[in-house]
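Novice: Generate a structure from the sequence data that follows.
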Amino acid sequence: MTLRLFNTRTRQKEGFEPIEPGHARVYSCGPTVYAPQHIGNLRPYLFADLLKRALLAEGLRVTHVINVTDVGHLASDADSGEDKMERAAARAGKTAAAIAASYTEQWLRDRRRLHCLEAEHLCKATEHIAEQIELAQRLEAKGYTYRIEDGLYFDTSRFPGYAAFARLDLSGQEAGARIGDVAGKRSPQDFALWKFAAPGVTRQQEWDSPWGRGFPGWHLECSAMSTRYLGTHFDIHTGGVDHIPVHHTNEIAQSECAFDVHPWVNVWMHNEFLDLGGEKLSKSKGHALVLDDLIERGFEPLAYRYFFLQAHYRQRQAFSWEEMGAAATGYRRLLRAAVAVRDAAGEARGGEDAAIDALRTRFWDAVRDDLNAPRALAVAWEVARSALSPPAQRALLLEFDAWLGLGLATEVPQDDVQQSDPRIDALVAERFAARQAHDFATADRIRAQLDAEGIEIQDGKDGSKWRRVR
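Specialist: All right, here's what the predicted structure looks like:
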């Protein structure tokens, strides 16, 4: 079976063939690092990681580029409102660079904890201002721009195919729906390439340009950086579904006009949202639940990866603590099954080849069917529960984990790891001694104290162990 991916551009699954034989070039829209990256923000990178692992499994060399937006993303898609980085810096009393560095490191740390493969190029918008200015100049020279008091804008009327990608009904748009407070903007869908610094407003992030001092528009960076590292025509572009009608539509417009290429990107792939209580998880709604919050409740980071694998990337996925708990239980059971056969020596038994080949085929067929993680995970479970010999189970589980990324070869179930905290260790030891002395009042008091702190105690003949459960 050929690797088939759902292409937003054509609205259908297509067999994937790289432009350059043997080499897949992929760009993923990265985070805007003005605030902590919540667990919903991590979903696009888990999805992109599955894509990269699938391409590698096909024997392809992969060049994966992810950007970091550390300037230019305004509060409104209408090119109005405060710059999110400037606003965050002012509120925290820090520099924009310090804010960006802190939240970029948090995002990178979370990616590592979730076993996301490293990108070949991680590029920051502030480090590619020259490329963005050059792209805007190219568009200006070709007559695709106009200048108003607020900045330099792309004239979407010059690009007849503007509405095609997102299937936009431009005639049905309400007047001013995307103009916001920008006076002089010709059409609602026109977007900023370069914004001028407002008179009397001191910004931390400003640069000189042919049009005056200011900063790049949000959309410009992705076109400039992707083409810098991947060329003017590349294979795959990924991001969240919210990018389709504005950000990715604008990327296509400016790139195809600048480079005279169609399509600019062959395959566009988009993941659906994570829902929290029926709503899209959103920092603006106060739902900034981060990976550390899950860890503090006793969940392994990879239990969240397992949770993600239970839904297809193009399906909305509802988050609840009950669902997360069920995912953690499932992950630990699968991990224990892998641990049980991890050291199995020898080869599969004679006569197992047909069963092994059938399981292997079904797993990789699921992967090749638009990265169908739930089906692939189900096959991994079949292996774990099967009557196959331990060496056969081990070989299949570790092969499958090259795509699942669950650490089946290296991780240990959290329940099997004794955590350590000197204060809690002392209380647990004191309680065990009280039980040995039949001082059950003291033992019960300590258990109640630790229970209130989210500590679960497991008693044994030789002592007590504890773990943090919330």
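Novice: Tell me the first helix or strand C-terminal of the least confident helix or strand in the chain by mean pLDDT.
Specialist: Within the chain, no helix or strand scores below strand 279-280, which has a mean of 59 by mean pLDDT, DSSP states H and E. Next along the chain after strand 279-280, taking DSSP states H and E as the criterion, comes helix 291-296.
Novice: ok, then the element right after that following helix?
Specialist: Assigned by DSSP H and E, the successor of helix 291-296 is helix 301-309.
Novice: So for that following helix, mean pLDDT?
Specialist: Mean pLDDT, computed over helix 301-309, is 97.
Novice: now do stretch 13-28
Specialist: Rounded mean pLDDT across stretch 13-28 is 98.
Novice: For it, which outside residues touch it?
Specialist: 2-7, 44-45, 48, 51-52, 55, 59-67, 119, 222, 226, 230-231, 233-239, 265-267, 369-370 (Cβ atoms under 8 Å, 6 or more residues apart in numbering). No exception for glycine: its C-beta is placed from N, CA and C like everyone else's.
Novice: In ChimeraX, select just the buried ones from those residues.
Specialist: Buried subset of the contacts of stretch 13-28, written as a ChimeraX selection, criterion 16 or more other Cβ atoms under 10 Å:
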select :3,5,6,7,44,45,48,51,52,55,60,62,63,64,65,66,67,119,222,226,230,233,234,235,236,237,238,239,265,266,267,369,370
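Novice: Inside strands: which ones of the contacts of stretch 13-28?
Specialist: Judged by DSSP state E, strands contain the following of those: 4-7, 61-67, 234-239, 265-267.
Novice: contacts for stretch 362-381?
Specialist: 1-6, 13, 47, 50-51, 54, 57, 306, 308-314, 334, 359, 396-397, 400-401, 403-404.
Novice: Check the separation of the first and last residues in it.
Specialist: Taking Cα to Cα, to the nearest Å, the first and last residues of stretch 362-381 lie 12 Å apart.
Novice: State the mean pLDDT of it.
Specialist: Mean predicted lDDT for stretch 362-381 stands at 98.
Novice: Any idea how many residues pack against residue 93?
Specialist: The number of residues packed near residue 93 is 7, by other Cβ atoms under 10 Å.
Novice: Tell me the spacing between it and residue 266.
Specialist: According to Cβ to Cβ, to the nearest Å, residue 93 and residue 266 sit 46 Å apart.
Novice: just the helices in the protein please.
Specialist: Assigned by DSSP state H, the helices in the chain fall at 43-57, 84-92, 96-113, 129-141, 218-230, 249-259, 291-296, 301-309, 321-341, 353-368, 373-385, 390-404, 422-436, 440-452.
Novice: if we compare the ones you listed, which one ends up closest to residue 71?
Specialist: Closest approach to residue 71 among the helices of the chain (Cβ to Cβ): helix 84-92, 5.8 Å.
Novice: what's the nearest residue to residue 449 if we skip its chain neighbours?
Specialist: In space, and not counting its chain neighbours, residue 449 is closest to residue 427: 7.1 Å by Cβ to Cβ, 6 or more residues apart in numbering.
Novice: quick one: pLDDT of that neighbour?
Specialist: 90.
Novice: With distance to residue 188 as extra columns, can I get the helices of the chain in CSV?
Specialist: As requested, these are exported to CSV (distance: least, Cβ to Cβ, whole Å):
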stretch, distance to residue 188
helix 43-57, 27
helix 84-92, 22
helix 96-113, 29
helix 129-141, 19
helix 218-230, 15
helix 249-259, 12
helix 291-296, 38
helix 301-309, 36
helix 321-341, 39
helix 353-368, 41
helix 373-385, 38
helix 390-404, 43
helix 422-436, 58
helix 440-452, 55
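Novice: can you tell me which of those helices the model trusts least?
Specialist: helix 84-92 (a mean of 81).
Novice: Report all helices and strands that that one contacts.
Specialist: helix 96-113 (3 or more Cβ pairs under 8 Å, 6 or more residues apart in numbering; DSSP states H and E).
Novice: Using CSV, write out every CA atom in the helix it packs on.
Specialist: The C-alpha coordinates for helix 96-113 follow below in CSV (Å, rounded to 0.1, in the frame of the first residue of the first chain):
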residue,chain,number,x,y,z
ALA,A,96,10.1,40.4,24.3
ALA,A,97,13.3,38.4,23.7
ALA,A,98,13.2,37.0,27.2
ILE,A,99,9.5,36.1,26.9
ALA,A,100,10.1,34.4,23.6
ALA,A,101,13.2,32.5,24.9
SER,A,102,11.3,31.3,28.0
TYR,A,103,8.2,29.9,26.1
THR,A,104,10.3,28.6,23.3
GLU,A,105,12.3,26.5,25.7
GLN,A,106,9.0,25.3,27.4
TRP,A,107,7.7,24.2,24.0
LEU,A,108,11.0,22.4,23.1
ARG,A,109,11.1,20.7,26.4
ASP,A,110,7.5,19.5,26.0
ARG,A,111,8.3,18.2,22.5
ARG,A,112,11.2,16.2,23.8
ARG,A,113,9.1,14.8,26.7
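Novice: Spatially, what comes nearest to the most centrally placed residue in the chain if we skip its sequence neighbours?
Specialist: Centroid-nearest residue in the chain, with Cα atoms, centre = their mean: residue 45, separated by 2.3 Å. In space, and not counting its chain neighbours, residue 45 is closest to residue 116: 5.5 Å by Cβ to Cβ, 6+ apart.
Novice: Surely the one you found and residue 44 touch.
Specialist: No - using Cβ atoms under 8 Å, residue 116 makes no contact with residue 44, being 10.5 Å away.
Novice: any idea how far the residue nearest to the centre of the chain is from residue 37?
Specialist: In terms of Cβ to Cβ, residue 45 sits 9 Å off from residue 37.
Novice: same deal with residue 132?
Specialist: Residue 132 is 23 Å from residue 37, where distance means Cβ to Cβ.
Novice: Also residue 225?
Specialist: 19 Å.
Novice: same deal with residue 423?
Specialist: The gap separating residue 423 from residue 37 is 31 Å, by Cβ to Cβ.
Novice: How is this protein divided into domains?
Specialist: Listed by automatic domain parsing, the domain ranges of the chain are 4-275, 297-413, 418-468.
Novice: Reformat the ones you listed as JSON lines; add distance to residue 288.
Specialist: Output for these, formatted as JSON lines (distance: least, Cβ to Cβ, whole Å):
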{"stretch": "domain 4-275", "distance to residue 288": "5"}
{"stretch": "domain 297-413", "distance to residue 288": "13"}
{"stretch": "domain 418-468", "distance to residue 288": "21"}
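Novice: among those, which is nearest residue 291?
Specialist: Short answer: domain 4-275, nearest of the domains of the chain by Cβ to Cβ, at 4.7 Å.
Novice: Start and end of the closest one, how far apart?
Specialist: End-to-end distance for domain 4-275, by Cα to Cα: 27 Å.
Novice: how near is residue 147 to residue 215?
Specialist: From residue 147 to residue 215 the distance is 15 Å (Cβ to Cβ).
Novice: quick one: which of those two has more around it?
Specialist: Legend: neighbour count by other Cβ under 10 Å for residue 147 and residue 215, higher for residue 215 (28 against 15).
Novice: what sits against residue 117?
Specialist: Going by Cβ under 8 Å, 6+ apart, the list of residues near residue 117 reads 49, 52-53, 64.
Novice: separation between residue 66 and residue 331?
Specialist: With distances taken as Cβ to Cβ, residue 66 is found 26 Å from residue 331.
Novice: Am I right that residue 323 is in contact with residue 306?
Specialist: No - Residue 323 is beyond contact range of residue 306, at 11.1 Å (criterion: Cβ under 8 Å).
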